[in-house]
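A.B. asks: any chance you could fold what I've pasted below:
(2 chains)
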Amino acid sequence: MPFFARPPELAQPPKPTVLINARLIDPDSGRDEPGGLLIEDGKILDLGPSFRRNAPAGYQVIDCQGHIVAPGLIDMQVFTGEPGSEHRETLHTASRAAAAGGVTTMIVMPDTKPVIDQVALVDFTLRRARDNAIVHIHPMGAMTMGLAGDEMTEIGLLKRAGAIAFSNGKQSIMNTRVMHQVLQYSRDFDALIAHFAEDAFLAGSGSMNAGELAARSGLSGIPKEAETIILERDLRLVELTGARYHAPTLSCPESVAAIRRARAAGLKVTCGVSINHLTLNENDVVPYRTFYKVRPPLRGEDDRAAMVRAVQNGDVDVIVSSHDPQDADTKRRPFAEAADGAVGLETMLAAAMRLHLSGDADLKVLLRAMTSGPADLLGLDGGRLQKGAAADLVIFDAQAPWVVNRDDLNSRSKNSPFDESKMQGRVIRTLVAGHTVYSYAPLDNNS
Amino acid sequence: MTDFLTDGDYAFSHCHLLTCEKLTAPEINSLLDAADLAAELSRRGEGHPHYLAGKTLINLFFEASTRTQSSFELAAKRLGADVLNMNVSTSSVQKGETLIDTAMTLNAMRPDIIVVRHHAAGAVQLLAEKVDCSVVNAGDGAHQHPTQALLDALTIRREKGRVGGLTVAICGDIKHSRVARSNIDVLNSLGANVRIVAPSTLMPSAPDRLGVTAFTDMWEGVKDADVVMMLRLQVERMGGTFVPSQREYFHFFGLDQDKLSHAKPDALIMHPGPMNRGVEIASTVADHPRSVIQEQVEMGLAIRMAVLASVARTPRGGARTLANTQRY
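C.D. replies: Numbering: from 1, shown residues only, chains lettered A, B, ... in the order given. As a prediction, the model looks like this:
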């Protein structure tokens, strides 16, 4: 049985610890060398080749056996069921899934019941996270009340209460005037707006990528233009307002091109992609496999390959799991009626390793999009192997083969598109602020 | 009593009929041959072999249907089956029961065949994954309606002596039509030249990938066709969403004498029913001597006898393993 820390243990100060015999990878600085790393008071005290074999006296020693030590992953898009749908996922179960996947910070989305659109609910999320979670959790505040797209939330107060950025969840704001005002107003507080772009009218009742496969399956399709039209609209508004804008889950190269143009014009614009859209395509959906029903829909293989290239060449800043727990009640339905979403916290790193092993993307580039990339966007302290940075770390074995088994997933929901997939690369241990929160192997008393 | 299922080279050996996408020409022809014999027995007023004696068939219709449901019911009864019609509009589905729960409940009654119609594409396959008996798709959303395509092929074959090499123009709401999808599959398997004719708003995306030639001009689309197959246009799609008006639709896409005159002089006129006279087809054309719309209904019964008799030959329990099923 793997080891998981219990939340109360994390309130205790961590023991001074040294990681020896590690391959240190810091995607931000480009460091990739054998070495070791000293942890004190939950922070990285020092690191480098000199600690590769030398464990200073008085430190707890973790022998990494040559495996990779990298900054813990920061996942910018995680849906949970707390509050309101705890049968699907709580902050506690999501944090265990995160720890098992090497994710040390997760940003939870406001699509809960009730929606995180009030100061009290931001506070609720933070307190529940403090008491129950074993990784860092920051809530994303709602951009509009109830995500309805009509009325702006108290962006200033929500930010002060701890909302790390603002999202309208799975809903796009179709009212251009409201979107304009949110962008205008958010600039005064330097709030980051992460807006899912999809034209609700054009997407209509669509449930998969528009094209041949949708036509054959008798399913209504969602064209790429549903994404690009709203994205282009938003970029015009960003130009008008000067807001900080992030497109969280793009699915096609046409959208990336729009982001490039906006950046070239000097706008403060960034973008992300979900791991699903880098590793899966619309062919996986056939025949009516609802575990592959996600939003935006999985696109064609050319689009997937183009999105991987966009990560590799730096056009995409962030990779997210877009972890979205759904149960049998919402997934075991006819395709068009089934819920969107796939769990992914536990498989994101291993799935990203596929892109590295296939030679399509560098490991450091992939890691950057899951560590310092989101850290910079969100103004977080983690995401780097640096003196003084938080000791949020993942130790992983880049070679270990394994097979995903839904029954072994720590998420309360088991809707993984990678169920029964063969993976290479496994998380050995995850540390949050110097505490071991997850270990694949059971811990003995000495380590 | 004459058998219409020949044991020797009978190619169709599936326990379900869910889709026409992977049916081969020999499989289709074996069903058509059997149905041909069944139709002759019916015409001669002779009884049919009781292939389904002692077996139970459940008609599970989530969408209202008079014609298809009664056709399946009569076909099953002629073969000696006990038939149960599930009136879904008054059943527990209305109380929020899921499709899977309904399927499991019916499965526990140990039927031999379930005939399903559902408004969602893929729903019938989902149901087939969860039950132990044979499942026949009587229409799932805009996906497939296999027995309709088979009865259309049988009607064409009886009238023209063949299907291969003929030019068939399928006209109307292709985008939302399960009849069109199934017909494209079956007609292509049998070697026909398939055309689809529709305004762009009622075309499926990527028509060029479906093995058909697409036309947005009906006069061109039916030119020299051997068969003109009309589709029903749902009333709710006429009011300015997909087409501006009934009048405009009829003018450009309704089958009238003028457009029909561009097809071959002996072209067949087909329609799966129920017809909207004056919307997709003019009354004079619907009742034209070359219209085989009534024969389609007759062949529907024959095809359903052939299909039910064929799937019932596969023992119960052999239907469970389908590739790519999810473990939920």
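A.B. asks: so residue A:181 sits against residue A:151, correct?
C.D. replies: No: counting by C-beta atoms under 8 Å, residue A:181 stays clear of residue A:151, with 10.0 Å between them. Bear in mind the C-beta positions are built from the backbone N, C-alpha and C, glycine included.
A.B. asks: how about the residues of the stretch 51-200 of chain A near chain B?
C.D. replies: Contact residues (C-beta under 8 Å from any C-beta of the partner chain) of the stretch 51-200 of chain A with chain B: there are none.
A.B. asks: and the end-to-end length of stretch A:415-424?
C.D. replies: 20 Å (C-alpha to C-alpha, to the nearest Å).
A.B. asks: any part of that stretch near chain B?
C.D. replies: Yes: on the criterion C-beta under 8 Å from any C-beta, stretch A:415-424 is in touch with chain B at A:415, A:419.
A.B. asks: pLDDT (mean, whole number) over that stretch?
C.D. replies: Summarised as a single mean, pLDDT over stretch A:415-424 is 95.
A.B. asks: over to stretch A:173-187?
C.D. replies: Stretch A:173-187 comes out at a mean pLDDT of 97.
A.B. asks: how confident was the prediction at residue A:1?
C.D. replies: 85.
A.B. asks: surely it touches residue A:441?
C.D. replies: No: with contact defined as C-beta under 8 Å, residue A:1 does not count as touching residue A:441 (9.7 Å).
A.B. asks: now stretch B:156-175: average pLDDT?
C.D. replies: On average, stretch B:156-175 scores 96.
A.B. asks: oh, I was asking about stretch B:204-224
C.D. replies: On average, the pLDDT along stretch B:204-224 is 94.
A.B. asks: for the stretch 301-447 of chain A, what lies in contact range of chain B?
C.D. replies: Checking the stretch 301-447 of chain A against chain B by C-beta under 8 Å from any C-beta, the hits are A:328-329, A:331-337, A:406, A:414-415, A:419.
A.B. asks: of those, buried ones?
C.D. replies: A:331-336, A:406, A:414-415, A:419 (16 or more other C-beta atoms under 10 Å in any protein chain shown).
A.B. asks: return the member of those residues nearest to residue A:93.
C.D. replies: Closest approach to residue A:93 among these (C-beta to C-beta): residue A:414, at 11.5 Å.
A.B. asks: hmm, the closest one is touching residue A:347, no?
C.D. replies: No: contact criterion C-beta under 8 Å: residue A:414 and residue A:347 do not qualify, at 11.9 Å.
A.B. asks: please enumerate the helices of the stretch 201-328 of chain B.
C.D. replies: B:218-221, B:246-253, B:257-260, B:283-286, B:293-311 (DSSP state H, counting those that start in this stretch).
A.B. asks: and residue 135, how many residues sit next to it?
C.D. replies: I went with chain A, as the question did not name one. 31 (other C-beta atoms under 10 Å in any protein chain shown).
A.B. asks: hmm, I had chain B in mind actually
C.D. replies: Neighbour number of residue B:135 under other C-beta under 10 Å is 25.
A.B. asks: now do residue A:324
C.D. replies: Count around residue A:324 with other C-beta under 10 Å applied: 27.
A.B. asks: residues contacting residue B:253?
C.D. replies: By C-beta atoms under 8 Å, 6 or more residues apart in numbering or on different chains, the contact list for residue B:253 reads B:171-172, B:197-199, B:218, B:243, B:280.
A.B. asks: do you know the pLDDT at residue B:7?
C.D. replies: 58.
A.B. asks: picking up where we left off before, most packed of the helices of the stretch 201-328 of chain B?
C.D. replies: helix B:293-311 (a mean of 23; mean count of other C-beta atoms under 10 Å in any protein chain shown).
A.B. asks: give me the below-cutoff pLDDT ranges for chain B.
C.D. replies: Residues of chain B that meet the criterion pLDDT under 70 lie in B:1, B:6-9, B:89-96, B:238-240, B:315-328.
A.B. asks: now with 50?
C.D. replies: Within chain B, the segments meeting pLDDT under 50 span B:317-328.
A.B. asks: residue nearest the middle of it, spatially speaking?
C.D. replies: In chain B, the centroid-proximal residue (C-alpha atoms, centre = their mean) is residue B:148; its distance is 1.9 Å.
A.B. asks: does that residue touch residue B:300 like I think?
C.D. replies: Yes: counting by C-beta under 8 Å, residue B:148 touches residue B:300, with 7.5 Å between them.
A.B. asks: thinking again about what came up before, secondary structure element for the residue nearest to the centre of chain B?
C.D. replies: In the assignment (DSSP states H and E), residue B:148 maps to helix B:146-160.
A.B. asks: which positions in the stretch 151-300 of chain B make contact with chain A?
C.D. replies: Residues of the stretch 151-300 of chain B lying near chain A (C-beta under 8 Å from any C-beta): B:178, B:181, B:204-207, B:209-210.
A.B. asks: looking at the residues you listed, which are in strands?
C.D. replies: In strands, judged by DSSP state E, none of those are found.
A.B. asks: mind checking which of those residues are buried?
C.D. replies: The buried subset of those - by 16+ other C-beta under 10 Å - is B:178, B:181, B:204-207, B:210.
A.B. asks: farthest pair in the residues you listed?
C.D. replies: Maximum distance among those (C-beta to C-beta): 17.5 Å, for B:178 and B:206.
A.B. asks: sorry, back to before: give me the common contacts of residue B:148 and residue B:300.
C.D. replies: Counting by C-beta under 8 Å, 6+ apart, the common neighbours of residue B:148 and residue B:300 are residue B:68.
A.B. asks: closest to the centroid, which residue in chain A?
C.D. replies: Closest residue to the average C-alpha location of chain A: residue A:75 at 2.5 Å, with C-alpha atoms, centre = their mean.
A.B. asks: grab the nearest non-local neighbour of the residue nearest to the centre of chain B.
C.D. replies: residue B:179 (5.1 Å; C-beta to C-beta, 6 or more residues apart in numbering or on different chains).
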